[in-house]
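K.L.:
my questions are about this predicted structure, shown below with the sequence.
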Amino acid sequence: MDDPVAIEKCRAGDKEAFRHLVERYQAEAMGHALAILADCEDALDAVQDAFFDAYQALGRFDLSRQFYPWFYTILRNRCFKQVAKRKKKVELSEAEAMILEPVRGMRPEDRISLEQALLELSPAERELVTLKHLDGLSYEELAERLEIPIGTVMSRLYHARRRLREKLVDTRLEAKEIHP
């Protein structure tokens, strides 16, 4: 079943048709929520709430659009609401780092360092870097997804990369101090 058919069935009262959308996009949504929230439980809550919100808003969905970019806006808003509510600093455990999708050619300890450096960025910076470098979105796709001009995407990404580089240098220095 394709997305427009599932959405039409949902609009007609078939609640089971929404399962298609959840199963198709749940993993991707979880990855994006985790990139913003950096906490598995918070990400699960945000994804669940976003799917609930999307289900309730399907009547307003424009079938000429793709479902996931529309859903991503709902998910993103949920994630940033959670960020605003919480005050705790999130740290990545080694166990959590190991469940993340591996990056080809990257040693596990380097991946942990990268993820820890990403956690030190703001949620908005982390989201932008993740969408660009892990999901491979173009500048145009980022501008559309985040609903900001391409120039703003380029500027924010430049600054996020610079901060990430600084964090990675700091992480490597700390690692050398621990293991000379």
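P.N.:
Sure, I can see it.

K.L.:
and this structure, what are its domain boundaries?
P.N.:
Under the assignment automatic domain parsing, the domains of the chain span 1-90, 99-180.

K.L.:
make JSON lines from those and add mean neighbour count to it.
P.N.:
Every residue, glycine included, has its C-beta placed from N, CA and C. As requested, those are exported to JSON lines (neighbours: other C-beta atoms under 10 Å):
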{"stretch": "domain 1-90", "mean neighbour count": "16"}
{"stretch": "domain 99-180", "mean neighbour count": "14"}
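
K.L.:
lowest-confidence stretch among those domains?
P.N.:
Looking at the domains of the chain, the lowest mean pLDDT belongs to domain 99-180 (a mean of 78).

K.L.:
figure out how far that domain is from the centre of its chain.
P.N.:
Centroid separation for domain 99-180 versus its chain: 12 Å, with C-alpha atoms, centre = their mean, to the nearest Å.

K.L.:
contacts for stretch 117-126, please.
P.N.:
Residues outside stretch 117-126 that contact it (C-beta atoms under 8 Å, 6 or more residues apart in numbering): 35-38, 79-80, 83, 90-92, 129-130, 156, 159-160, 163-164, 167-168, 170-171.

K.L.:
sort out for me which of those residues are in helices.
P.N.:
Under the assignment DSSP state H, the contacts of stretch 117-126 contribute 35-37, 79-80, 83, 129, 156, 159-160, 163-164, 167-168, 170-171 to helices.

K.L.:
just the element for the spatially most central residue of the chain, please.
P.N.:
Computing the C-alpha centroid of the chain and ranking residues by C-alpha atoms, centre = their mean puts H32 first, at 1.7 Å. Assigned by DSSP states H and E, H32 belongs to helix 17-37.

K.L.:
against which helices or strands is that helix packed?
P.N.:
Applying 3 or more C-beta pairs under 8 Å, 6 or more residues apart in numbering; DSSP states H and E, we find helix 17-37 packed against helix 3-11, helix 40-57, helix 67-85, helix 123-129.

K.L.:
so which of those is nearest I150?
P.N.:
Shortest distance between I150 and these, using C-beta to C-beta, is found for helix 123-129: 12.8 Å.

K.L.:
tell me what the following helix or strand past the closest one is packed against?
P.N.:
For helix 123-129, the following helix or strand on the C-terminal side (DSSP H and E) is helix 139-146. Contacts defined by 3+ C-beta pairs under 8 Å, 6+ apart place helix 139-146 against helix 67-85, helix 150-178.

K.L.:
just put the ones you listed in a markdown table and tack on distance to L44.
P.N.:
Formatted as a markdown table, these follow (distance: least, C-beta to C-beta, whole Å):
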| stretch | distance to L44 |
| --- | --- |
| helix 67-85 | 11 |
| helix 150-178 | 25 |
